[in-house]
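Asks: show me the folded form of this:
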Amino acid sequence: MSIPAFGVGTFRLQGQVVIDSVRNALDLGYRAIDTAQIYENEAEVGQAIAESGVAREDLFLTTKIWVPNYAKDKLVPSLKDSLAKLRTDYVDLTLIHWPAPDNGVPVDEFMNALADARTQGLTRQIGISNFPIAQTQAAIAAVGREQIATNQIELSPYLQSRKLTDFLKEQGIHVTSYMTLAYGKVLKDPVINQIAQRHNATPAQVALAWALQLGYAVIPSSTRRENLASNLLAPQLRLSDEDMARIAALERNGREVSPEGLAAAWD
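Replies: Residues are numbered from 1 along each chain as shown. Model (predicted):
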């Protein structure tokens with residue numbers, strides 16, 4: 001299993017905005033695109049891909065199953081609906097979006113339904129998102145850790161979740177970082193800016209390079225072509241051990257996203 005290190009996210013982007021963002025990203029060279037059923041933009045993402053002229057086999061598409069579709073009789077039909085919107089026969093990765101511990105569907109039920117979707121050829125790989133250790137262990141118990149391609153979690157210099165990321169590394173489950181810029185808050189951080197100045201880089205490039213050097217995949221989004229282009233240079237930036245240590249010291253448990261009823265107890 002392989003997860004591209006760098007992709008473009010589409011969270012909170014809808015309508016013509018997401019069409020333009022994905023079109024620009026593909027034009028600039030992005031080949032991994034992350035969406036979700038709840039983003040309500042799969043059809044627009046599919047339109048942008050269709051109009052881009054980029055071959056399907058050159059793309060890595062990720063979507064996420066939303067909570068009302070977790071039951072075994074709903075998950076596969078909902079994914080087929082997503083595929084129709086995305087104008088494709090399969091996605092490369094499908095994730096369970098949130099553990100949603102109180103929604104009445106056990107972890108083993110939705111993980112096995114997700115595994116069934118893969119068996120049917122609807123998705124090449126499967127994984128989880130926003131799962132702390134206990135729920136990740138339950139997912140592993142359901143389908144086996146070797147079946148779980150990634151856990152996509154909120155990570156930034158302000159929220160480093162070392163206990164969870166260490167556990168995922170031990171299990172051989174890849175980490176995908178979202179909200180790596182903490183809604184832009186880390187872009188104003190003095191330490192991040194000092195490091196950026198020394199490398200003649202942008203603060204966003206520094207934060208993304210930090211995550212990449214820790215071995216995480218990143219999926220930053222932007223509505224501006226120049227920012228999409230700038231972010232794409234982050235993999236070329238090599239931070240020193242001192243840089244990484246200074247960023248490590250920025251940890252402050254700065255979680256931005258933890259919706260009641262969807263999130264489980266964080267580690």
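Asks: show me where pLDDT drops low in this protein?
Replies: Low-confidence segments of the chain (pLDDT under 70): 1.
Asks: which parts of the stretch 151-267 of the chain are strands?
Replies: Here the stretch 151-267 of the chain has its strands, by DSSP state E, counting those that start in this stretch, at 174-178, 217-218.
Asks: gap between the longest one and the chain center?
Replies: Looking back up the chat, that one is strand 174-178. Distance of strand 174-178 from the chain centroid (Cα atoms, centre = their mean, to the nearest Å) equals 6 Å.
Asks: please apply the same query to the shortest one.
Replies: Remark: strand 217-218 is offset 7 Å from the chain centroid, using Cα atoms, centre = their mean.
Asks: which other helices and strands contact that strand?
Replies: Applying 3 or more Cβ pairs under 8 Å, 6 or more residues apart in numbering; DSSP states H and E, one finds that strand 217-218 contacts strand 174-178, helix 203-213. Where you see a C-beta, it was placed from the backbone N, CA and C, and this is true even at glycine.
Asks: for the closest residue to residue 265 other than its chain neighbours, give me its contacts.
Replies: Using Cβ to Cβ, 6 or more residues apart in numbering and skipping residues adjacent in sequence, the residue nearest residue 265 is residue 132, 6.5 Å away. Applying Cβ atoms under 8 Å, 6 or more residues apart in numbering to residue 132 gives the contacts 99, 164, 264, 265, 266, 267.
Asks: how many other residues sit next to the first one?
Replies: Pointing back at residue 99 there. For residue 99, the neighbour count with other Cβ atoms under 10 Å is 25.
Asks: what's near enough to touch it?
Replies: Going by Cβ under 8 Å, 6+ apart, the list of residues near residue 99 reads 107, 128, 130, 131, 132, 135, 262, 263, 264.
Asks: switch the cut-off to 10 Å
Replies: 67, 70, 107, 110, 128-132, 134-136, 138-139, 262-265 (Cβ atoms under 10 Å, 6 or more residues apart in numbering).
Asks: please apply the same query to the second one.
Replies: Residue 164 makes contact with 131, 132, 133, 136, 151, 153, 155, 175, 266, 267 under the criterion Cβ under 10 Å, 6+ apart.
Asks: what are the boundaries of the helices in the stretch 101-250 of the chain?
Replies: Along the stretch 101-250 of the chain, the segments classed as helices by DSSP state H, counting those that start in this stretch run 107-119, 133-143, 162-171, 190-199, 203-213, 225-231, 241-248.
Asks: tell me which of the ones you listed is the most buried.
Replies: helix 203-213 (a mean of 24; mean count of other Cβ atoms under 10 Å).
Asks: remind me what it packs against, helices and strands.
Replies: Contact partners of helix 203-213 among helices and strands, from 3 or more Cβ pairs under 10 Å, 6 or more residues apart in numbering; DSSP states H and E: strand 174-178, helix 190-199, strand 217-218, helix 225-231, helix 241-248.
Asks: mind putting these into JSON lines with distance to residue 5?
Replies: JSON lines is the format used below for those (distance: least, Cβ to Cβ, whole Å):
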{"stretch": "strand 174-178", "distance to residue 5": "10"}
{"stretch": "helix 190-199", "distance to residue 5": "19"}
{"stretch": "strand 217-218", "distance to residue 5": "5"}
{"stretch": "helix 225-231", "distance to residue 5": "12"}
{"stretch": "helix 241-248", "distance to residue 5": "17"}
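Asks: quick one, which of those gets closest to residue 146.
Replies: Ranking the helices and strands packed on helix 203-213 by proximity to residue 146 (Cβ to Cβ) places strand 174-178 first, at 11.9 Å.
Asks: helix 162-171 and the closest one, what's the angle between them?
Replies: Angle of strand 174-178 versus helix 162-171, following axes from the mean of the first three to the mean of the last three Cα atoms, to 10 degrees, is 150 degrees.
Asks: what lines up beside strand 174-178 in the sheet?
Replies: When pairing is defined by DSSP bridges, strand 174-178 lines up against strand 148-154 (parallel), strand 217-218 (parallel).
Asks: how about the strands of the stretch 1-150 of the chain, start to end?
Replies: Under DSSP E, counting those that start in this stretch, the stretch 1-150 of the chain gives strands at 8-9, 32-34, 60-65, 91-96, 123-129, 148-154.
Asks: which of these sits closest to residue 199?
Replies: strand 8-9 (22.8 Å).
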